[in-house]
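> pasting the sequence and the predicted model now:
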Amino acid sequence: MTSSTPSRAKLVHADELTGADWFKSSYSGGEDNCIEVAANLVASHGMVPVRDSKNPNGPALGIPADAFSSFVAGVKAGQLGTF
């Protein structure tokens, strides 16, 4: 991965995510049907890696930091509806 900010989401292999501090929502209740994010890599990679908690050694989806911020803001504002 490069330190330049990606413009689109991309597949990132686990070996490219050295130093990732993975975080899972406290709302998950310890379940494994969740996603995890490694927001600590935004400064160095310009993206937020997102992975499936059931496959911690698998690849992640690298989402551009600005797109991820917009997504989180939309969730907080209730703009995405309910499922």
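Right, received. Where do you want to start? Numbering: from 1, shown residues only.
> by contact count, what packs against the strand or helix carrying Asp66?
Of the helices and strands defined by DSSP states H and E, Asp66 is found in helix 65-76. With contacts defined as 3 or more CB pairs under 8 Å, 6 or more residues apart in numbering; DSSP states H and E, the secondary structure elements packing on helix 65-76 are strand 47-52. For the C-beta atoms, the positions are set from N, CA and C on the backbone; glycine is no exception.
> show the low-confidence segments of the chain, by residue range.
1-6, 83 (pLDDT under 70).
> what segments of it are helices?
Residue ranges of the helices in the chain, as given by DSSP state H, are 42-45, 65-76.
> quick one: the helix holding Asp66 to strand 47-52, angle?
Calculated by axes from the mean of the first three to the mean of the last three CA atoms, to 10 degrees, helix 65-76 forms an angle of 60 degrees with strand 47-52.
> contact partners of helix 65-76?
Counting by CB atoms under 8 Å, 6 or more residues apart in numbering, helix 65-76 makes contact with 5, 9, 37, 42, 46-48, 50, 63, 80, all of which sit outside it.
> which of these are buried? Put it as a ChimeraX command.
One line in ChimeraX is enough to select the buried members of those, burial here meaning 16 or more other CB atoms under 10 Å:
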select :37,42,46,47,48,50,63
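> count the neighbours of Ser53 for me.
Per other CB atoms under 10 Å, the neighbour tally for Ser53 reads 14.
> do the same with Lys24
So Lys24, with other CB under 10 Å, has 15 neighbours.
> contact partners for it?
Contacts were defined as CB under 8 Å, 6+ apart; by that measure Lys24 touches 34-36, 53.
> do that again at 7 Å, thanks
Shown here is Lys24, whose contacts under the criterion CB atoms under 7 Å, 6 or more residues apart in numbering are 34, 36, 53.
> spatially central residue in the chain, please.
Central residue check for the chain by CA atoms, centre = their mean: the C-alpha nearest the mean position is that of Val50, 2.7 Å away.
> quick one, what contacts that one?
With contacts defined as CB under 7 Å, 6+ apart, the neighbours of Val50 are 35, 37, 60-61, 63.
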